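Asks: quick one: sequence and predicted model below, then my questions.
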Amino acid sequence: MSFTVAIDGPAAAGKGTISKAVAAHFGFAHLDTGLLYRAVGAKVLAGTEAIVAAGALTAEDLEADNLRTPEVAQAASKVAVIAEVRAALVAFQQTFARRSGGAVLDGRDIGTVICPDAEAKLFVTASAEVRAERRYLELAAKGHNDTREEVLADVKARDERDMNRAEAPLKAADDAILIDTSDLSIEGAVARAVAEIEARLPA
């Protein structure tokens, strides 16, 4: 059985946490598609040309331990606007999505572009301020010195770039279920996601 769950949303809305929990709950495979772009971004920072990096990406590249830095996040957002980079990564994602046993993909254009026929689509969001505070605490815990103001500006800049790019802009699919996590606990958000997916599973 192939059953695809598409989870989209802006940075730090909680989609990664929800996606991992949902995949574990249902025994589905999980792909954080943002890591594909982060891995390309990391290669670009190391001197590789973006389109070359995207075409040569391997599963091992997604294991690199520098993919969560703010510098790589910004590089990822920049390479994601390049049409040839997106095209190179689409096949990787679509093959993963239809694997036997079910798959959860989270990103920015899963329900709209990568898997428009996904059986379940969720759009996870939260206010920019809430998302920035989450990201600030996450970075502070890792020893980064970014201020709250810098993190908020960074979140807003990424939103602006992601929502207004010509190729596959960040937006909710028309048939996606909206989950606003601004005032939800992790447990509450996961429970809501699980319930929505269960309602769409074949009997």
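Replies: Alright, I've got the coordinates. Numbering: from 1, shown residues only.
Asks: against Gly34, how distant is the residue nearest the centre of the chain?
Replies: Nearest residue to the geometric centre of the chain (Cα atoms, centre = their mean): Gly107, 2.7 Å. Counting by Cβ to Cβ, to the nearest Å, the gap from Gly107 to Gly34 is 6 Å. All C-beta atoms are positioned from the backbone trio N, CA, C, and that covers glycine.
Asks: likewise for Gly9?
Replies: 11 Å.
Asks: related to what we said a few turns ago, may I have the beta-bridge partners of the residue nearest to the centre of the chain?
Replies: Gly107 has the following beta-bridge partners by DSSP bridges: Asp8.
Asks: name the helices or strands packed onto the lengthiest helix in the chain?
Replies: If you go by DSSP state H, the chain has its longest helix at helix 148-164. Where contact means 3 or more Cβ pairs under 8 Å, 6 or more residues apart in numbering; DSSP states H and E, helix 148-164 is packed against helix 70-79, helix 128-141.
Asks: got the buried residues for it?
Replies: 151-152, 154-155, 158-159, 161-162 (16 or more other Cβ atoms under 10 Å).
Asks: ok, of these, which one's closest to Leu57?
Replies: Asp162 (20.1 Å; Cβ to Cβ).
Asks: pLDDT value on that closest one, please?
Replies: The score at Asp162 is 89. That number is its pLDDT.
Asks: quick check: the gap between it and Asp8.
Replies: For Asp162 relative to Asp8 (Cβ to Cβ), the value is 10 Å.
Asks: list the buried ones in the next helix-or-strand element following the longest helix of the chain?
Replies: Using DSSP states H and E, the helix or strand that follows helix 148-164 in sequence is strand 177-180. Residues 177, 179-180 are the ones in strand 177-180 that count as buried (16+ other Cβ under 10 Å).
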